[in-house]
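Student: Fold the following.
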Amino acid sequence: MRTPTRSSGAASVRLAALQRKPQRVTITVPGALVDKLHNRATVEGRSLSNLCAYLLESVMAGVADV
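Tutor: Have a look, this model is predicted:
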């Protein structure tokens, strides 16, 4: 019989991130930025939405909570 193990703090944070429900956000940005984002998404093989979510999460990971 296998005994349950306690998850580490990092593992529980990852689990919580996987369980969160996505939300929609609408923003307005300059056309030139849309073009750059679209081009990068195409090069990386991502959807525009996925790229924007990735970029926002990356930036916010480096910002202290207010």
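Student: all strands for this structure, in order.
Tutor: Using DSSP state E, no strands are found in the chain.
Student: Could you list the low-pLDDT ranges of it?
Tutor: Regions of the chain meeting the criterion pLDDT under 70 cover residues 1-8, 18, 66.
Student: now do 90
Tutor: Residue ranges of the chain with pLDDT under 90: 1-23, 62-66.
Student: Pull up the distance across stretch 17-28, start to finish.
Tutor: Stretch 17-28 has an end-to-end distance of 27 Å (criterion: Cα to Cα, to the nearest Å).
Student: Just checking the distance from it to the centre of its chain.
Tutor: For stretch 17-28, the separation from the chain centroid amounts to 8 Å (computed by Cα atoms, centre = their mean, to the nearest Å).
Student: Over to stretch 31-48?
Tutor: 16 Å.
Student: Give me the buried positions along that stretch.
Tutor: Buried positions in stretch 31-48, judged by neighbour count with 16 or more other Cβ atoms under 10 Å: 37, 41. (Each C-beta comes from the backbone N, C-alpha and C, glycine too.)
Student: outside of it, which residues touch it?
Tutor: With Cβ atoms under 8 Å, 6 or more residues apart in numbering as the test, stretch 31-48 has contacts from 29, 50-52, 54.
Student: 6 Å instead, please
Tutor: residue 51 (Cβ atoms under 6 Å, 6 or more residues apart in numbering).
Student: mind checking how far residue 11 is from residue 25?
Tutor: For residue 11, the distance to residue 25 equals 28 Å [Cβ to Cβ, to the nearest Å].
Student: next one: residue 37
Tutor: For residue 37 relative to residue 25 (Cβ to Cβ), the value is 14 Å.
Student: And for residue 44?
Tutor: For residue 44 relative to residue 25 (Cβ to Cβ), the value is 20 Å.
Student: Spell out the residue ranges of the helices in the chain.
Tutor: Along the chain, counting by DSSP state H, helices occupy 9-19, 31-44, 48-61.
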